[in-house]
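A.B. asks: based on what follows, work out the 3D shape:
(chains A, B, C and D)
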2 protein chains.
Amino acid sequence: MPQPDPIEKQDAVNRLRIVHPERVRSACREASPDHELAALSMIYRVLGDPSRLKILMALRRDEMCVCDLAALTGISESAVSHQLRRLKDLSLVRSRRDGQVVYYALDDKHVVLLLDIGLRHIREK
Amino acid sequence: MPQPDPIEKQDAVNRLRIVHPERVRSACREASPDHELAALSMIYRVLGDPSRLKILMALRRDEMCVCDLAALTGISESAVSHQLRRLKDLSLVRSRRDGQVVYYALDDKHVVLLLDIGLRHIREK
DNA sequence: TGAATATTTGAGCATATGTTCATACATAAG
DNA sequence: CTTATGTATGAACATATGCTCAAATATTCA
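C.D. replies: Residues are numbered from 1 along each chain as shown, chains lettered A, B, ... in the order given. Reported below is the predicted structural model:
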């Protein structure tokens, strides 16, 4: 799981400037593998949009259908559907069909935690 | 702090489709104000990039200077500096100058929490 | 002072993102 | 079967983002 050591390339071709080689080396050793960083960034990025946040916050209380979420967020039903698909692809949300209406609900225990901590953060600023 | 009620516009000009008016109304009432959603999304979005994540994870252990972070992340020192500025603008990071070297360190108690929960999430998938 | 090192800044560019519009699909009602 | 309703999908477009490159600042050292 350790990353390729960038120090080895130093002074070779790329002449990387490094002030504290030990610190870089240890950070490299303990860094999460790239695929994990990629997956992690996907999660935060999907939370990084006001419309999706509003959707997720609303779903904290109860499941909701697409058109109601559109009314709530003020964007088109199509836009909501697109966003819900992103949330579903990351398993943050699940859907249930009842007739013509599709209800969406939270499908992850961690999201609520992330939302709460984020809120606490900006409110304590 | 309640949001403008979108239901009032229904059937007027925009003919909003709403299946559960009560649910929309209560979600509207309890929704965070737009400026709070905007601030919140800024925080998550700044976490939603692998390079910035790698920087923040490294800073969890110890402060680091720009060129060392560049070596660690594999992007240019300029790119690192740009990213650090974004992190600093959101007060997630602080800087300290020692001679020619500028050291960056975490400046927020919540970020570590957010990172930990995110990691726990993707590892339990 | 002048040269070297560490960082910052701004322009430019390729790619990603969020939205709307038009349209297709799924289910219900007549 | 036909029509209406709720949702999903794909194209298109404007904007945001992350990076590199070139150049400017800041600090140290000879």
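A.B. asks: what lies in contact with stretch A:70-90?
C.D. replies: A:42-43, A:46, A:49, A:51-52, A:54-56, A:58, A:64, A:66-67, A:69, A:93-95, A:104, B:6-7, B:10, B:16-18, B:24, B:27-28, B:31 (Cβ atoms under 8 Å, 6 or more residues apart in numbering or on different chains). For every residue, glycine as well, the C-beta is placed using N, CA and C.
A.B. asks: now that stretch - C-alpha only, CSV.
C.D. replies: Below are the C-alpha coordinates for stretch A:70-90, written out as CSV (Å, rounded to 0.1, in the frame of the first residue of the first chain):
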residue,chain,number,x,y,z
ALA,A,70,-38.0,19.8,-7.8
ALA,A,71,-40.5,22.1,-6.1
LEU,A,72,-38.3,22.2,-3.0
THR,A,73,-35.0,23.0,-4.7
GLY,A,74,-36.4,25.2,-7.4
ILE,A,75,-34.7,23.4,-10.3
SER,A,76,-36.4,21.3,-13.0
GLU,A,77,-37.6,17.7,-12.4
SER,A,78,-35.1,16.7,-15.0
ALA,A,79,-32.2,18.3,-13.1
VAL,A,80,-33.4,16.6,-9.9
SER,A,81,-33.5,13.3,-11.6
HIS,A,82,-30.0,13.7,-12.9
GLN,A,83,-28.7,14.6,-9.4
LEU,A,84,-30.5,11.7,-7.8
ARG,A,85,-28.8,9.4,-10.3
ARG,A,86,-25.4,10.6,-9.2
LEU,A,87,-26.4,10.2,-5.6
LYS,A,88,-27.7,6.7,-6.3
ASP,A,89,-24.6,5.7,-8.2
LEU,A,90,-22.6,6.4,-5.1
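A.B. asks: by contact count, what packs against whichever helix or strand A:Leu115 is part of?
C.D. replies: Using DSSP states H and E, A:Leu115 sits in helix A:109-123. Helix A:109-123 is packed against helix A:34-47, helix A:50-59, helix B:34-47, helix B:109-123, with contacts defined by 3 or more Cβ pairs under 8 Å, 6 or more residues apart in numbering or on different chains; DSSP states H and E.
A.B. asks: can you narrow the contacts of stretch A:70-90 to ones near DNA strand D?
C.D. replies: Taking Cβ under 7 Å from any atom of the strand as the test, DNA strand D is in contact with A:Val66, A:Cys67, A:Ser95, B:Arg17 out of these.
A.B. asks: among those, name the buried ones.
C.D. replies: Neighbour counting with 16 or more other Cβ atoms under 10 Å in any protein chain shown marks A:Val66, A:Cys67, A:Ser95 as buried within these.
A.B. asks: restricted to strands, list those.
C.D. replies: Secondary structure from DSSP state E places A:Ser95 of these in strands.
A.B. asks: mind pulling up the pLDDT for the residue nearest the centre of chain A?
C.D. replies: Residue closest to the average C-alpha location in chain A (Cα atoms, centre = their mean): A:Ile43, at 1.8 Å. Listed pLDDT for A:Ile43 reads 97.
A.B. asks: how far away is it from B:Ala70?
C.D. replies: Separation of A:Ile43 from B:Ala70 (Cβ to Cβ, to the nearest Å) stands at 25 Å.
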